[in-house]
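1. compute the structure for the input listed below.
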Amino acid sequence: MTTATRDEIDGDLSSLEFWALPPDRRTAAFARLRELDHPAFFPELKLPFVKAGAGYYALTRHADVVEASRTPQVFSSEPCSNSIADLPRFLARYFGSMINMDDPRHAKIRRIVSRAFTPRILEKMEADLQRSATRIVDDLLAEGSADFVTDVAARLPLQVICDMMGIPEPVRPMVYDRTNLILGLGDPEYMGGKNYARDGITRMGALYGLLKVLAAGYELNHLAMKLARQRRRNPGDDLVSALISANVDGESLTDQEIGSFFILLVVAGNETTRNAMSHGLKLLTDNPEQRALLLEDFDAHIPGAVEEIVRMATPVIQFRRTLTRDHEMNGHEYKAGDKVLLFYNSANRDEAVFENPDAFDITRSPNPHVGFGGPGPHFCLGANLARREITVMYRELFTRVPRIRATGEPDRLFSSFINGIKHLPCAV
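-> Okay, the predicted model is just below:
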């Protein structure tokens, strides 16, 4: 294993300090990683209460990320894909959803849940999306200025997901809060003021964070399982009812699997779409010529604008894979058991694929970004729903509030997993 040194890049991807660096510093570090003639290896961060492995290879080039995504029989999602260390058993109970599975089990569960994302279902949702977007903009106009994240970008995807699952209105704020806690592990705002990047991780701090995430996972899982039990007695016209009645090859989802899928859905569907929308407003504010182009012919340019926003934002920074056997890829030899991290943010800035990759260009074509994950069985199930939500929200915004703009710098989430924006001031 060849370990990357600070002479080769600006920082250590496993250090908390690296993820506290300004975005342009991190972007430059990934550009340097792509220039190396070998995939860099990083030792794992040592965390209390979590068994760490030797480390991982950082796959930063577009070609590597795509090939690994297309080869799940070699680059496995088991035992874990959403954390560098293997999830402790007490966390895997809640977060061990289908993203941590390989085929054939993954394929069976995906076929069941994919019924909620068919073109026919998405078409039926259009009117509900429009009504929600209209209410959000009504409220924004009444205020005149707002936090774009909490008052606009977070509201639509949360409304959509809770409507899909039949989540009662009174508990929806809890769902929003708990998803923030799960993905905000390590961020001072969600960890009671603890700044891990500045102060390091103590055993008590780690225990505090793990307990908060565990409690959030338990509450969301318990909510979904309670709904599943209710729908078994009284089925309705919602996703939970469809999931409990679905059957593929003689198998149906257990209440526990429904609970885990619900956590995946609310976390992935809520956080990623809201972050794409928030990054998009900042990008359109900072690039007035691209904003003018979009407003000049919204319907012609919004498809390309959405893809470019997702490329530039890359809401999910990375996922992990584990080698099932020895394997050679693009001139490098991997061994069975090696861990690799697929850095989508870096692949989406790869100069070998994207001309002038740091420029925001809504006319970019082709745009083979991996902002919804690489091609293969784990490509984002809700990609088309996310595209539709962004399109509907932006159409309502830029039709009724064409001068909306960000009025300050984003308050960014401290995370090596989600490229999140917690707050973004805006004015109309």
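2. show the end-to-end separation of stretch 331-348, please.
-> This stretch, stretch 331-348, spans 21 Å end to end (CA to CA, to the nearest Å).
3. now it: mean pLDDT?
-> In this model, stretch 331-348 has an average pLDDT of 97.
4. distance from the chain centre to it, please.
-> Mean-position distance between stretch 331-348 and its chain equals 19 Å (CA atoms, centre = their mean, to the nearest Å).
5. what comes up buried for it?
-> With burial defined by 16 or more other CB atoms under 10 Å, the residues of stretch 331-348 counted as buried are 334, 338, 339, 340, 341, 342, 343, 344, 345, 346, 347, 348. To be clear about C-beta, it is placed using only N, CA and C from the backbone, and glycine gets the same treatment.
6. for stretch 125-137, same thing?
-> Of the residues in stretch 125-137, those buried (16+ other CB under 10 Å) are 125, 129, 132, 133, 136, 137.
7. show residues contacting that stretch.
-> Residues from elsewhere that reach stretch 125-137 (CB atoms under 8 Å, 6 or more residues apart in numbering): 151-152, 155-156, 159-160, 163, 385, 388-389, 392-393, 395-397, 400-401.
8. could you count how many residues lie near residue 419?
-> Neighbourhood size, residue 419 [other CB atoms under 10 Å]: 25.
9. can you tell me how far it is from residue 32?
-> Residue 419 sits 19 Å away from residue 32, going by CB to CB, to the nearest Å.
10. for residue 282, same thing?
-> 25 Å.
11. go on, residue 230?
-> Applying CB to CB to residue 230 and residue 32 gives a distance of 53 Å.
12. so which residues of this structure form strands?
-> Under the criterion DSSP state E, the chain contains strands at 41-43, 55-59, 75-76, 145-147, 318-323, 327-329, 332-334, 339-343, 405-406, 411-412, 421-423, 425-427.
13. just for this protein, where's the confidence low?
-> The chain contains residues with pLDDT under 70 at 1-10, 48-49, 88-96, 193-207, 248-249, 251.
14. count of neighbours near residue 359?
-> Residue 359 has 12 neighbouring residues, counting by other CB under 10 Å.
15. who touches it in this structure?
-> Residues near residue 359 by CB under 8 Å, 6+ apart: none.
16. renumber starting at 391 from here on
-> Got it, first residue is 391 now, which makes that one residue 749.
17. narrow the buried residues of stretch 515-527 to those in helices?
-> Among these, DSSP state H puts 515, 519, 522, 523, 526, 527 in helices.
18. contacts only, for the closest residue to the fourth one other than its chain neighbours.
-> Same thing as residue 523. Sequence neighbours aside, residue 786 is the residue nearest to residue 523 in space, at 4.1 Å (criterion: CB to CB, 6 or more residues apart in numbering). Residues in contact with residue 786 (CB under 8 Å, 6+ apart) are 520, 523, 524, 526, 527.
19. let me know the closest of these to residue 409.
-> Comparing the contacts of residue 786 against residue 409 with CB to CB picks out residue 526 as the nearest, at 30.9 Å.
20. next one: the closest one from residue 606, what distance?
-> Counting by CB to CB - residue 526 and residue 606 are separated by 25 Å.
21. what residue lies at the spatial centre of the protein?
-> By CA atoms, centre = their mean, the chain has its centre lying nearest to residue 706, at 3.7 Å.
22. beta-bridge partners for that residue, please?
-> Beta-bridge pairing for residue 706 (DSSP bridges): residue 808.
23. can I assume residue 453 is in contact with residue 720?
-> Yes. The criterion here is CB atoms under 8 Å, and residue 453 meets it with residue 720 at 6.1 Å.
24. name the residues contacting each of the two.
-> Contact criterion CB under 8 Å, 6+ apart; residues shared by residue 453 and residue 720: none found.
25. and these two? which has more neighbours close in?
-> residue 453 (14 against 11).
26. around the residue nearest to residue 772 when sequence neighbours are not counted, how many other residues sit close by?
-> The spatially closest residue to residue 772, leaving aside those adjacent along the chain, is residue 659, at 5.4 Å (CB to CB, 6+ apart). Around residue 659 there are 22 other residues, counting by other CB under 10 Å.
27. ok, what's across the strand from the closest residue to residue 540 other than its chain neighbours?
-> Once flanking residues are discounted, residue 540 sits nearest to residue 813: 7.0 Å by CB to CB, 6+ apart. Note on residue 813: beta-bridge partners by DSSP bridges are residue 801.
28. does residue 813 touch residue 539 like I think?
-> Yes. Using CB under 8 Å, residue 813 makes contact with residue 539 at a distance of 5.5 Å.
29. looking only at neighbour counts, state which of these two leads.
-> Using other CB under 10 Å as the criterion, residue 813 and residue 539 rank with residue 539 on top: 23 against 16.
30. what's the distance between the more buried one and residue 566?
-> From residue 539 across to residue 566, the span is 11 Å (CB to CB).
31. residues contacting residue 685?
-> Counted by CB under 8 Å, 6+ apart, residue 685 has contacts 788, 792.
32. how close does it get to residue 659?
-> Distance from residue 685 to residue 659, by CB to CB: 28 Å.
33. what do you get for residue 628?
-> Residue 628 is 15 Å from residue 659, where distance means CB to CB.
34. phi and psi next, for residue 797.
-> Taking degrees, to the nearest 10, you get phi -110, psi 10 for the backbone angles of residue 797.
35. isn't residue 582 right up against residue 598?
-> Yes. In this structure residue 582 lies within contact range of residue 598 using CB under 8 Å: 7.1 Å.
36. okay, these two: which has more neighbours?
-> More neighbours surround residue 598 than the other of residue 582 and residue 598, with 14 against 10 (other CB under 10 Å).
37. I'd assumed residue 575 was in contact with that one.
-> No. Applying CB under 8 Å, one finds residue 598 not in contact with residue 575, separated by 10.2 Å.
38. quick check: neighbours shared by the two?
-> Joint contacts of residue 598 and residue 575 (CB under 8 Å, 6+ apart) are residue 581.
39. so how far is residue 661 from the residue nearest to residue 777 when sequence neighbours are not counted?
-> With CB to CB, 6+ apart as the criterion, residue 777 has its nearest non-adjacent residue at 5.4 Å, and that residue is residue 696. Per CB to CB, residue 696 is found 17 Å from residue 661.
40. who has more neighbours out of those two?
-> Set side by side, residue 696 and residue 661 show more neighbours around residue 661, with 26 against 22, by other CB under 10 Å.
41. of the buried residues of stretch 721-738, just say which sits nearest to residue 610.
-> residue 734 (24.8 Å).
42. quick one, what contacts the closest residue to residue 599 other than its chain neighbours?
-> Excluding its sequence neighbours, the residue lying closest to residue 599 (CB to CB, 6+ apart) is residue 575, at 5.2 Å. Counting by CB under 8 Å, 6+ apart, residue 575 touches 581, 599, 602, 603, 805.
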